[in-house]
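Asks: Need the 3D shape of this:
(one chain, ligands or ions: 1)
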Amino acid sequence: DWTAANMVEELVTQAKADIGDARAICALSGGVDSSVAAALVQRAIGDRLTCVFVDHGLLREGEAEQVEQDFVKATGVDLVVIDAREQFLTALAGVSDPEAKRKIIGREFIRTFEQAARDIVQDRGDEEHPVKFLVQGTLYPDVVESGGGTGAANIKSHHNVGGLPDDLQFSLVEPLRLLFKDEVRQVGRELGVPEAIVARQPFPGPGLGIRIIGEVTEERLDILRRADAIARAELTAAGLDRDIWQCPVVLLADVRSVGVQGDGRTYGHPIVLRPVSSEDAMTADWTRLPYEVLAKISGRITNEVAEVNRVVLDVTSKPPGTIEWE
Ligand code: XMP
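Replies: Take a look at the predicted model:
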């Protein structure tokens, strides 16, 4: 019988057996998956787990603060925050190809975790117990879509599956790799992870890096971050957070169109809204958002984000579209 309580017991036992008396780090993103994975492993090995939150510069507004507030407060987990903004942006400079971006981001994550693992062992004065394990919140659909499942084509390399180097210095612990999102949410509730985290909409590990179509630069990130914050605020204000699976906001950074504002010509970038409804992200339908909400978002973005002069709505299901544009 599938119950969250049984599942927690089974997964905790398994994690204990896998990790033994070594130390582990968990790649914490602040999202549901990594938070639940961290809570599970914390229950298994206690303070031999350290969570590592990487600020790669591809985060949305307020995200780093939220992790510290919500998750650490609820779990008391040992957390290290690493400012890797410059490292990631430098590595991404000049790159526009989606898979190339994903691979670079995955590689830089791993480098950052390797360095963090060395630092943690030193800082904690625990040289006898090196960090041997990397805990990730990989779910079943991530595995399938990255080509790791049986017979599935590689649709896109999820950053925590497809981008791992061959000489990885950790063994992976992926307690959620056979679960779907709704199961993960139930397991999280059973573990006492706060509802604010468990109910959070998915956000991809590569962050805004795969929502800028074209090269990722600091200036483009800043534009997208402001537009995204407006869209999220208005969806929340309209009480729609529970009705949609997620709503990627995408910047078409290499596209420009002519517009008019006041009595002047503009030549700005389009922003795409991609609201979707889904059960497990394997398939999705575009969400029929109320026109008034769309109008509010569009009006505010074009008024408040000077570089954007057009807002368009993505009305494609998955398939044939994927949820993210890259
Ligand atoms: P796609 O675009 O493949 O997205 O239809 C399916 C779901 O997965 C999320 N996503 C990711 N999550 N790392 C993640 O942790 C990734 O590299 C990644 N790529 C896509 C996406 O937001 C959607 O919920």
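Asks: Quick check: residue 316 is in a helix.
Replies: No - under DSSP: H, G, I helix; E, B strand; the rest coil, residue 316 falls outside any helix and is assigned coil.
Asks: So what's the residue count around it?
Replies: Neighbours of residue 316 under the rule other CB atoms under 10 Å: 14. Using the backbone N, CA and C atoms, a C-beta is placed for each residue, glycine as well.
Asks: Now it: closest residue in space, sequence neighbours ignored.
Replies: Nearest in space to residue 316, with sequence neighbours left out and distances taken as CB to CB, 6 or more residues apart in numbering, is residue 286 at 6.3 Å.
Asks: same thing with residue 249?
Replies: Nearest residue to residue 249, sequence neighbours excluded (CB to CB, 6+ apart): residue 228, at 4.2 Å.
Asks: can you give me phi and psi for the one you found?
Replies: phi -60, psi -40 (degrees, to the nearest 10).
Asks: same deal with the one 4 residues further on?
Replies: As for residue 232, its main-chain torsions (degrees, to the nearest 10) stand at phi -70, psi -40.
Asks: do you know how far it is from residue 238?
Replies: 11 Å (CB to CB, to the nearest Å).
Asks: Please say which of these two ends up with more neighbours.
Replies: Between residue 232 and residue 238, counted using other CB under 10 Å, residue 232 has the larger neighbour count: 18 against 15.
Asks: neighbours of the residue nearest to residue 249, just the number please.
Replies: If you count neighbours by other CB under 10 Å, residue 228 ends up with 23.
Asks: tell me the contacts of it?
Replies: Contacts for residue 228 (CB atoms under 8 Å, 6 or more residues apart in numbering) come out as 60, 61, 208, 211, 249.
Asks: May I have the predicted confidence score for it?
Replies: The model reports residue 228 with a pLDDT of 98.
Asks: Also residue 152?
Replies: Taking residue 152 on its own, its pLDDT is 51.
Asks: do residue 74 as well
Replies: The model's pLDDT for residue 74 equals 88.
Asks: With the one 4 residues further on instead?
Replies: Per-residue confidence for residue 78 comes out at a pLDDT of 93.
Asks: Likewise for the one 5 residues further on?
Replies: According to the per-residue confidence, residue 83 scores 96 in pLDDT.
Asks: Could you pull up phi and psi at it?
Replies: phi -90, psi 100.
Asks: which SSE is residue 156 in?
Replies: Under DSSP states H and E, no helix or strand contains residue 156.
Asks: pretty sure it is touching residue 99, no?
Replies: Yes - between residue 156 and residue 99 there is a contact at 7.1 Å, judged by CB atoms under 8 Å.
Asks: How is residue 21 assigned, secondary-structure-wise?
Replies: coil.
Asks: I'd say it and residue 130 touch.
Replies: No - with contacts counted by CB under 8 Å, residue 21 stays clear of residue 130, the gap being 11.2 Å.
Asks: More neighbours: which of the two?
Replies: Each of residue 21 and residue 130 has its neighbours counted (other CB under 10 Å); residue 130 has more, 14 against 10.
Asks: Now the more buried one: phi and psi?
Replies: Here is the backbone geometry of residue 130 (degrees, to the nearest 10): phi -60, psi 160.
Asks: And for residue 322?
Replies: phi -90, psi 170.
Asks: Could you report the pLDDT at the residue of the chain most remote from its centre?
Replies: Within the chain, residue 263 marks the point farthest from the mean C-alpha position, 40.7 Å out by CA atoms, centre = their mean. Residue 263 carries a pLDDT value of 89.
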